[in-house]
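Q: Using only what follows, build the 3D model:
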Amino acid sequence: MIRAKIARSVWFAGPRMYIEVEIDGRRVQLKVPFKYNRVTCKVFGLVPVQSMNPGDLVDVSFDTRRYNDKEYKVLTHICLVSQSKDSL
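A: Take a look at the predicted model:
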């Protein structure tokens with residue numbers, strides 16, 4: 001898993017859910033898989049993905065997948081390491 005900081009919390013673009021994280025100074029947009037209004041990737045800890053705020057430190061892992069000739073980085077695991085002081 002990779003240590004990252006949440007740059008932008010969860011948002012919807014049409015039917016898709018995304019989260020933006022900062023890894024080594026680069027911002028990466030990750031697609032959050034969900035079905036029937038539930039996140040379907042592994043979430044470790046007590047905090048759901050929708051409650052994670054910008055500035056929180058997380059451990060993430062993701063895969064790169066192709067849908068309709070476009071490449072997406074899809075979240076596979078996420079774990080909240082520490083919350084930012086703004087979200088407490």
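Q: I'd like the distance from residue 4 to residue 69, if you could.
A: To residue 69, residue 4 is 27 Å away according to CB to CB, to the nearest Å. Where C-beta positions appear, they are placed from N, C-alpha and C, glycine not excepted.
Q: likewise residue 41?
A: In terms of CB to CB, residue 41 sits 23 Å off from residue 69.
Q: So between the two, which is more surrounded?
A: Between residue 41 and residue 69, counting by other CB atoms under 10 Å, residue 41 is the more crowded of the two (19 against 5).
Q: Quick check: nearest residue in space to that one, chain neighbours excluded?
A: residue 75 (4.9 Å; CB to CB, 6 or more residues apart in numbering).
Q: wait, the one you found sits on residue 28?
A: No - contact criterion CB atoms under 8 Å: residue 75 and residue 28 do not qualify, at 10.2 Å.
Q: Between those two, which is the more surrounded one?
A: Comparing residue 75 with residue 28 by neighbour count (other CB under 10 Å), the higher total belongs to residue 75, at 25 against 16.
Q: And the helix or strand the more buried one falls within, what's buried?
A: Using DSSP states H and E, the element containing residue 75 is strand 70-82. By 16 or more other CB atoms under 10 Å, the buried positions in strand 70-82 come out as 72-73, 75, 78, 80.
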